[in-house]
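Novice: sequence and predicted structure are below.
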Amino acid sequence: MKAAVIVFPGSNCDRDAAVALQAASGRAPAMIWHRETTLPALDLIVLPGGFSYGDYLRGGAMAAQSPVMRDVVAKARAGVPVLGICNGFQVLTECGLLPGVLMRNRDLKFLCRDVALSVERSDSIFTAGYEQDEIVRIPIAHNEGNYFADTETLAELEGESRIAFRYVGAAPNGARNNIAGVLDASGRVLGMMPHPERAIEEALGGSAGARLFESLVTALAC
Amino acid sequence: MKAKVHITLKPGVLDPQGKAIEQALGNLGFQGVDEVRQGKYIELEIAETDADKAHARVDAMCAKLLANTVIENYAIELEPVEPV
């Protein structure tokens, strides 16, 4: 699998994402600096977690306007899978590849802990390695993870089964409909607040996240 | 011209920061304070003397970057730049 991790100034989970991708695929991803304007041919693009541009203006807002994003959006529209984790999810909403927005956590606290997620879709390229409705533990670490979309958009997401992951019990951040991860209409763009790359081996407290990267390797057959 | 842009949360969008400020004001003894909403204020100068054209440009800036129209409204005020 030929993957790329986009690196913005302030990304801080880019190397963890690279380790997870290499562990799953046996191949190191390309690390692409945000100033690049053209991406090579790729099987997968990952937008990592962190605090791109110091979260100036809004989380992900500045990164969404980075030079590299024009080609990321073009490649996504052409069918190249894109995975946005945490800040990467914020970038995906800000650049319009995913609907909604990640607002400040309801209780105004940075949340950093393991959460239980239910796998709402086990038939996507990202989640085929999980059982439908399986409960997995994956950590979150964010200040702006409170997913918001208007009622009409939420109805569309629910109607099209585009919620990939939901928080079990009350959403720790106040996210509407307990949404932790959302797919685009094609099912090839996933944004999620939890960090699967931080749960790739038992020594890290759990390995449930590794299966997301393994799912991609299997689904993309490369 | 100089543009003053006020960005506010749309009605109905929860504003936990506004609520926290409201509570703090109450704790300080300011009674009867309600509906505190926190927003952003951005000033910028643009090389444009025609008010309509300036407004159109700032409007595009708001739609593309300055505001997230999923949750935010914006209002633009324009005034001539005073010569120094």
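Specialist: Nice, I can see it.
Novice: make sure A:R211 is indeed in a strand.
Specialist: No - using DSSP: H, G, I helix; E, B strand; the rest coil, the assignment for A:R211 is helix, not a strand.
Novice: what's around it, how many residues?
Specialist: 22 (other CB atoms under 10 Å in any protein chain shown). To be clear about C-beta, it is placed using only N, CA and C from the backbone, and glycine gets the same treatment.
Novice: how about A:Q65?
Specialist: 17.
Novice: OK, contacts around it?
Specialist: B:64-65 (CB atoms under 8 Å, 6 or more residues apart in numbering or on different chains).
Novice: and the closest residue to A:I163 other than its chain neighbours, how far is that from chain B?
Specialist: Nearest residue to A:I163, sequence neighbours excluded (CB to CB, 6 or more residues apart in numbering or on different chains): A:E120, at 4.8 Å. Per CB to the nearest CB, to the nearest Å, A:E120 is found 22 Å from chain B.
Novice: for A:E120, what are phi and psi?
Specialist: phi -90, psi -20 (degrees, to the nearest 10).
Novice: what's the answer for A:P139, then?
Specialist: When read as degrees, to the nearest 10, the backbone of A:P139 gives phi -80, psi 150.
Novice: contacts only, for the residue nearest to A:I163.
Specialist: A:E120 neighbours (CB under 8 Å, 6+ apart): A:133, A:161, A:163-166.
Novice: let's go with 7 Å and repeat that
Specialist: A:163-166 (CB atoms under 7 Å, 6 or more residues apart in numbering or on different chains).
Novice: go ahead and confirm B:T69 touches B:V13.
Specialist: No - if you go by CB atoms under 7 Å, B:T69 and B:V13 don't touch, sitting 11.5 Å apart.
Novice: okay, these two: which has more neighbours?
Specialist: A count of neighbours by other CB under 10 Å puts B:V13 above the other of B:T69 and B:V13, at 16 against 12.
Novice: re earlier: among the contacts of A:E120, which one sits closest to A:D43?
Specialist: A:A164 (19.2 Å; CB to CB).
Novice: how about the secondary structure of that closest one?
Specialist: A:A164 is classified as strand under three-state DSSP.
Novice: circling back to that earlier point, which one of the contacts of A:E120 has the most neighbours?
Specialist: Of the contacts of A:E120, with other CB under 10 Å as the count, A:F165 tops at 28 neighbours.
Novice: how about that one: what's its closest non-neighbour residue?
Specialist: A:G181 (3.7 Å).
Novice: can you pull up the bridge partners for the one you found?
Specialist: A:F165, A:M192 (DSSP bridges).
Novice: and the pLDDT at it?
Specialist: With respect to pLDDT, A:G181 has a value of 98.
Novice: residues of chain A that sit close to chain B?
Specialist: Residues of chain A lying close to chain B by CB under 7 Å from any CB of the partner chain are A:58, A:61, A:65, A:100-101, A:103-104, A:106, A:108, A:148-149.
Novice: got a PyMOL select line for the buried ones in those residues?
Specialist: To isolate the buried members of these in PyMOL, using 16 or more other CB atoms under 10 Å in any protein chain shown:
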select buried, chain A and resi 58+61+65+100+101+103+104+106+148+149
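Novice: and the residue of chain B closest to chain A?
Specialist: Nearest residue of chain B to chain A (CB to the nearest CB) works out as B:V70 at 4.6 Å.
Novice: OK, contacts around A:V5?
Specialist: A:14, A:17-18, A:29, A:31-32, A:46, A:48.
Novice: turn those into TSV, including secondary structure, pLDDT and neighbour count.
Specialist: What follows is these, written out as TSV (DSSP: H, G, I helix; E, B strand; the rest coil; pLDDT from 0 to 100; neighbours: other CB atoms under 10 Å in any protein chain shown):
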residue	secondary structure	pLDDT	neighbour count
A:D14	helix	98	21
A:A17	helix	98	28
A:A18	helix	98	21
A:P29	coil	98	23
A:M31	strand	98	15
A:I32	strand	98	21
A:V46	strand	98	27
A:P48	coil	98	27
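Novice: all helices for the chain, in order.
Specialist: All of this is about chain A. A:14-25, A:67-77, A:87-94, A:151-159, A:210-219 (DSSP state H).
Novice: actually, chain B is the one I wanted.
Specialist: B:16-27, B:51-61.
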